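# model this:
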Amino acid sequence: MILWKQKVQERTAQLTDANAALRVLLRQRDEDRNQLEEKILANIKTLIFPGSRNKKSDSRQMQSILSRLLESNLLTITSEIFVETIVEICWSHSKRAESCGSH
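This next block holds a predicted model:
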């Protein structure tokens with residue numbers, strides 16, 4: 001009976017440590033997400049809004065240039081998101097593989 005209680009206490013301690021580690025990871029993920037959102041908003045403000053404010057020109061050539069500029073800037077912003085997402089996914093999978101291999 002004492003051995004069983006000891007095993008339960010050890011497992012409880014392990015689960016408590018694991019939960020603490022998961023809370024830290026979740027907090028870091030939230031911080032990363034907030035940073036990404038701030039970066040996207042800053043990019044939109046600097047790369048998209050200035051071009052859209054210049055739409056006052058009636059020149060088709062100017063509208064075409066602004067349209068291409070906006071498209072290019074949107075691609076720049078989204079490519080950063082995709083690269084960061086891919087890196088995050090790869091990091092997450094490699095960490096999972098390491099933890100699975102260590103047990």
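# the bottom helix or strand of this protein by mean pLDDT?
Across the helices and strands of the chain, mean pLDDT, DSSP states H and E gives its lowest value to helix 49-53, namely a mean of 60.
# next one, pLDDT for residue 93 please.
The confidence metric pLDDT takes the value 58 at residue 93.
# tell me where the protein has helices.
In the chain, the helices defined using DSSP state H lie at 2-43, 49-53, 60-101.
# and the ones you listed, which one averages the lowest pLDDT?
Among those, helix 49-53 scores lowest, at a mean of 60.
# in stretch 25-40, which residues are buried?
Neighbour counts over stretch 25-40 (16 or more other CB atoms under 10 Å) mark no residue as buried. The C-beta positions use only the backbone N, C-alpha and C, and glycine is treated the same way.
# just the C-alphas of that stretch, formatted as PDB.
The C-alpha trace of stretch 25-40 is given here as PDB (Å, rounded to 0.1, in the frame of the first residue of the first chain):
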ATOM      1  CA  LEU A  25       4.600  27.200 -23.500                       C
ATOM      2  CA  LEU A  26       1.000  28.400 -23.800                       C
ATOM      3  CA  ARG A  27       2.000  31.800 -22.400                       C
ATOM      4  CA  GLN A  28       4.900  32.000 -24.800                       C
ATOM      5  CA  ARG A  29       2.600  31.100 -27.700                       C
ATOM      6  CA  ASP A  30       0.200  33.800 -26.800                       C
ATOM      7  CA  GLU A  31       3.100  36.300 -26.600                       C
ATOM      8  CA  ASP A  32       4.300  35.200 -30.000                       C
ATOM      9  CA  ARG A  33       0.800  35.500 -31.500                       C
ATOM     10  CA  ASN A  34       0.500  39.000 -30.100                       C
ATOM     11  CA  GLN A  35       3.900  40.000 -31.500                       C
ATOM     12  CA  LEU A  36       2.900  38.600 -34.900                       C
ATOM     13  CA  GLU A  37      -0.400  40.500 -34.800                       C
ATOM     14  CA  GLU A  38       1.400  43.700 -33.900                       C
ATOM     15  CA  LYS A  39       3.900  43.100 -36.800                       C
ATOM     16  CA  ILE A  40       1.100  42.500 -39.300                       C
END
